[in-house]
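*Asks:* What shape does this take:
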Amino acid sequence: MTVIKLSEGGLLVYAPVAPTPECIRLITELVEKYGDVKYIILPTISGLEHKVFVGPFARRFPSSQVFIAPGQWSFPVNLPLSWLGLPAKRTHVLPQNSKQAAFASEFDYAILGPIELGPGRFAEVAFFHKLSNTLLVTDSIVSIPSEPPAIVQLDSYPLLFHARDKAFDIVADTAENRRKGWQRIALFAFYFSPSVLEVPKWGQVFKDAFKTSNRSKKAYFGLYPFEWRPDWQRCFDALYANGRIFVAPILQALILNRAPVETLEWADKVAQWDFKSIIPCHLEAPVTTTPQQFRQAFAFLEKQPITTSTILPEADFEVLRVIDNNLEKFGIVPPAKEKV
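*Replies:* Numbering: from 1, shown residues only. Prediction:
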């Protein structure tokens, strides 16, 4: 979630999170200083973690107007927006032309999609705040921190769990091991099964489980079906690349390759804005970058990209390619289109 102070007074909220007591307390502090929440933006049509909180958040600020990305849908049945929790009298679809928006004097925006994906669709609205030269995106661009974020360090157990090389390893709670666990979790999150991860035979997995001192439910009864190759760090370094921005592999392999022309046209439009930083909804933010670097992040959609420095290793996409092929084979999603 990003909250921006409006020049005319009041606040614009991009992609609100759950209106927890802590969240509302922090927003209230801004309201007391800068004025009411005027606009709430739902910049996606597919991200449940974004859609589900817009209605509850809007109800906490009854004078706000809600603007949503066009092409909203629900599964398995398309329901009226009010049935999805959005306030019926205060919800508006963002105009295709950003100059027609109520906040056009301070923001420009570009709509990607909707991209047809069979049972559903994907769309995202990138916002450009002119005064601060800041680009707001939802899921299209991310940057990974090399160190575990503070919030995941509140409970170090998951980090240390994945820092192990064997099921029976006892891992000390150190900054180095937390970092190791975080980087491996990042590889799981982006690739599901990166090329540097091997799954041992289940007979060995059960044998190792009996050697571990912790066979609790929390420790999955001692089961640890992971075997990281010695060069696993190389895989993370290629993904991290000193914090540069990139398109998540799942978007590359399963979504944006269904509409390469439209995606590149959108990226070209966004790259015309003079932004100096990007605030994604996930992971590292804000990220200092340039419009050129933003455009280069979509080079995976081109047959002859100007640079290949942003192209992620194909070997790490193996599981995602299998998923893609199976979804296409059973007619669940349309086939990917050729690169441009």
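*Asks:* Just the local confidence number for the closest residue to Ile41 other than its chain neighbours, please.
*Replies:* Using C-beta to C-beta, 6 or more residues apart in numbering and skipping residues adjacent in sequence, the residue nearest Ile41 is Tyr14, 4.7 Å away. To be clear about C-beta, it is placed using only N, CA and C from the backbone, and glycine gets the same treatment. The predicted local confidence for Tyr14 comes out at a pLDDT of 98.
*Asks:* wait, Tyr14 sits on Leu42?
*Replies:* No - Tyr14 sits out of contact with Leu42 when judged by C-beta atoms under 8 Å, with a separation of 9.1 Å.
*Asks:* The two: which is more packed in?
*Replies:* Between Tyr14 and Leu42, counted using other C-beta atoms under 10 Å, Leu42 has the larger neighbour count: 28 against 24.
*Asks:* got the contact list for the more buried one?
*Replies:* Applying C-beta atoms under 8 Å, 6 or more residues apart in numbering to Leu42 gives the contacts Ala15, His50, Lys51, Val54, Val66, Phe67, Ile68, Ala69, Gln72, Leu86.
*Asks:* got a pLDDT number for it?
*Replies:* With respect to pLDDT, Leu42 has a value of 97.
*Asks:* C-terminal to the least confident helix or strand in the chain by mean pLDDT, what's the next element?
*Replies:* Least confident helix or strand, the chain: helix 48-51 with a mean of 83, by mean pLDDT, DSSP states H and E. If you walk from helix 48-51 toward the C-terminus, the next helix or strand you reach (DSSP states H and E) is helix 54-59.
*Asks:* which of the residues in that following helix are buried?
*Replies:* Of all the residues in helix 54-59, those buried under the rule 16 or more other C-beta atoms under 10 Å are Val54, Gly55, Phe57, Ala58.
*Asks:* coming back round to it: I'd like to know how far the residue nearest to Ile41 sits from Ile278.
*Replies:* Distance of Tyr14 to Ile278, given as C-beta to C-beta, to the nearest Å: 12 Å.
*Asks:* With Ala241 instead?
*Replies:* Using C-beta to C-beta, one obtains 15 Å as the distance from Ala241 to Ile278.
*Asks:* in whichever strand or helix holds Ile278, what's buried?
*Replies:* Element membership of Ile278, judged by DSSP H and E, is strand 277-279. When neighbours are counted by 16+ other C-beta under 10 Å, the buried residues of strand 277-279 are found to be Ile278, Ile279.
*Asks:* same question, stretch 114-125
*Replies:* By neighbour count, with 16+ other C-beta under 10 Å as the criterion, the buried positions of stretch 114-125 are Pro114, Ile115, Leu117, Arg121, Phe122, Ala123, Glu124, Val125.
*Asks:* Going along the chain, name the strands of the stretch 101-250 of the chain.
*Replies:* 107-116, 121-129, 134-136, 197-198, 227-228 (DSSP state E, counting those that start in this stretch).
*Asks:* Would you mind saying which of those lies nearest Ala285?
*Replies:* strand 134-136 (9.5 Å; C-beta to C-beta).
*Asks:* In its sheet, which strands sit next to that closest one, and in what direction?
*Replies:* Listed by DSSP bridges, the sheet partners of strand 134-136 and their directions read strand 121-129 (antiparallel), strand 277-279 (parallel).
*Asks:* Report the inter-axis angle for the longest one versus strand 107-116.
*Replies:* It refers to strand 121-129. Here the directions of strand 121-129 and strand 107-116 differ by 170 degrees (axes from the mean of the first three to the mean of the last three C-alpha atoms, to 10 degrees).
*Asks:* Using PDB, write down the CA coordinates of strand 121-129.
*Replies:* These are the backbone C-alpha positions of strand 121-129, laid out as PDB (Å, rounded to 0.1, in the frame of the first residue of the first chain):
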ATOM      1  CA  ARG A 121      -7.900 -12.200 -16.700                       C
ATOM      2  CA  PHE A 122      -4.900 -10.200 -15.700                       C
ATOM      3  CA  ALA A 123      -4.600  -6.400 -15.600                       C
ATOM      4  CA  GLU A 124      -2.600  -3.800 -13.800                       C
ATOM      5  CA  VAL A 125      -2.600   0.000 -13.600                       C
ATOM      6  CA  ALA A 126       0.700   1.700 -13.100                       C
ATOM      7  CA  PHE A 127       0.400   5.200 -11.500                       C
ATOM      8  CA  PHE A 128       2.900   8.000 -12.000                       C
ATOM      9  CA  HIS A 129       3.000  10.700  -9.300                       C
END
